[in-house]
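> Sharing a model prediction with you, sequence too.
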Amino acid sequence: MATNLQMRALSGRLCSTSAGHNGKRIEIYDGTEFVAETLLPTVQGKYRVRAYRHSVDGWRTYTEPSCIMTGNPEGCEAVPLRVHDACFTSEVLGSLKCDCSGQLQLAMEYIQQHKPGIVIYLQQEGRGIGLANKIAAYALQEKGLDTVDANRALGLPDDCREYSSVSNILRDLGVKSVKLMTNNPRKIRVLERLGVKVLERLPCIVAPGALNVHYLATKRLRMSHLLEGEGSTVDDDQDKEELEGQFCHWNHDGESALSSFVEPDR
Ligand SMILES: Nc1nc2c(ncn2[C@@H]2O[C@H](COP(=O)(O)OP(=O)(O)OP(=O)(O)O)[C@@H](O)[C@H]2O)c(=O)[nH]1
């Protein structure tokens, strides 16, 4: 059962209500539905975009994960995968305070160059606390708090993202294993707990700028992000994480499906 604080954080990332949930329903796995696929031409090339809906509360509310693909990753091993969480401020407004937009760009380019590849884009703004809460956290950062302490000062978790849609989508596609584009070893561990086979970590590093250098240092020092730029194995990353940083609170409400996870039989 979520606490009040957790609910307050969760409410930030739930983007839609069941009132609008009247489209096509093809439930692929517990809590995730496939809606449709289209071909999207972009400045970086063509992508297949698959739309999903995902609920962790019995469809009272839901989010809309997108699966952006190059080539045909269905049934493949070692597929490059970026699991990316929304950042309205950088991706839409061009904010220079973080590295999110640059990471998305890198991943989109990478999967054009290394087909087949996947970017799963999740509506989990502000590490799951929602846009308004993230702006409130930014207001506190203007007063000198770092990205971790600002969340805590608001009574919000450091991170309340949940990733069960990712394992469901990969199972839908029959993807057998991935090379995960991330600097965050904890993200690897969470996905592995959900049954995703992560063969390798691909660093996803954007050169720091004057306005995000402190933010990136905080992610490295307090959230154990690996920002040195060197590739490494999953085991190396996990050893390193035990040595660095303060433990980051993750609320994995919604990942209870883990206990009933069964391997897909394809
Ligand atoms: N609460 C909060 N969220 C932020 C802040 N800056 C960026 N974000 C959000 O952080 C999320 C991305 O998380 P990051 O911690 O940058 O990286 P990550 O996804 O854990 O790890 P990578 O896979 O290496 O990118 C996005 O949802 C952004 O909206 C901030 O100062 N406060």
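Perfect, I can see it now.
> show me the contacts for Glu91.
By Cβ atoms under 8 Å, 6 or more residues apart in numbering, the residues touching Glu91 are Cys100, Ser101, Leu104. No exception for glycine: its C-beta is placed from N, CA and C like everyone else's.
> distance of it from Asp99?
11 Å (Cβ to Cβ, to the nearest Å).
> what's around the closest residue to His114 other than its chain neighbours, how many residues?
Distances taken as Cβ to Cβ, 6 or more residues apart in numbering place Pro80 nearest to His114, at 5.2 Å, with adjacent residues excluded. Residues near Pro80, counting by other Cβ atoms under 10 Å, number 22.
> Pro80 - that's part of a strand, no?
Yes. Under DSSP: H, G, I helix; E, B strand; the rest coil, Pro80 sits within a strand.
> Quick check: it touching Ile111?
Yes. Using Cβ atoms under 8 Å, Pro80 is in contact with Ile111, at 5.8 Å.
> any shared contact partners between those two?
Common neighbours of Pro80 and Ile111 (Cβ under 8 Å, 6+ apart) are Gly117, Ile118.
> and Leu221, how many residues sit next to it?
Counted with other Cβ under 10 Å, Leu221 comes out at 15.
> a helix runs through it, doesn't it?
Yes. Using three-state DSSP, the secondary structure at Leu221 is a helix.
> Could you report the pLDDT at it?
You'll see Leu221 listed with a pLDDT of 87.
> For Thr147, see how far away it is.
Distance from Leu221 to Thr147, by Cβ to Cβ: 11 Å.
> CA atoms of whichever strand or helix holds Arg171 as PDB?
Element membership for Arg171 (DSSP states H and E) is helix 164-173. Output in PDB follows, covering the C-alpha atoms of helix 164-173 (Å, rounded to 0.1, in the frame of the first residue of the first chain):
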ATOM      1  CA  SER A 164       7.200  -3.000 -15.400                       C
ATOM      2  CA  SER A 165       6.000  -1.700 -18.800                       C
ATOM      3  CA  VAL A 166       9.500  -2.200 -20.100                       C
ATOM      4  CA  SER A 167       9.600  -5.900 -19.400                       C
ATOM      5  CA  ASN A 168       6.000  -6.200 -20.700                       C
ATOM      6  CA  ILE A 169       6.900  -4.400 -24.000                       C
ATOM      7  CA  LEU A 170      10.100  -6.500 -24.500                       C
ATOM      8  CA  ARG A 171       8.100  -9.700 -23.900                       C
ATOM      9  CA  ASP A 172       5.500  -8.400 -26.400                       C
ATOM     10  CA  LEU A 173       8.300  -8.100 -29.000                       C
END
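> elements contacting that helix?
strand 26-29, strand 32-42, strand 45-54, strand 117-122 (3 or more Cβ pairs under 8 Å, 6 or more residues apart in numbering; DSSP states H and E).
> by how many degrees do the lengthiest helix in the chain and strand 32-42 diverge?
Identified as the longest helix of the chain according to DSSP state H is helix 100-113. Using axes from the mean of the first three to the mean of the last three Cα atoms, to 10 degrees, the direction of helix 100-113 lies 80 degrees away from that of strand 32-42.
> which stretches of this structure form strands?
When assigned using DSSP state E, the strands of the chain occupy the ranges 16-17, 26-29, 32-42, 45-54, 61-62, 66-70, 79-85, 117-122, 178-181, 198-202.
> Report how many residues lie close to Gln44.
Gln44, neighbours per other Cβ under 10 Å, totals 12.
> now swap in Leu81 and tell me
For Leu81, using other Cβ under 10 Å, the count is 29.
> Quick check: residues of the stretch 151-266 of the chain near the ligand?
Asn151, Thr182, Asn183, Asn184, Lys187, Cys204, Lys219, His225 (Cβ under 6 Å from any ligand atom).
> Could you double-check that the fourth one sits in contact with Arg220?
No. Asn184 lies out of contact with Arg220 (Cβ under 8 Å); the separation is 10.5 Å.
> and His84, how many neighbours does it have?
22.
> Just grab the bridge partners of it for me.
Counting by DSSP bridges, His84 is bridged to Tyr121.
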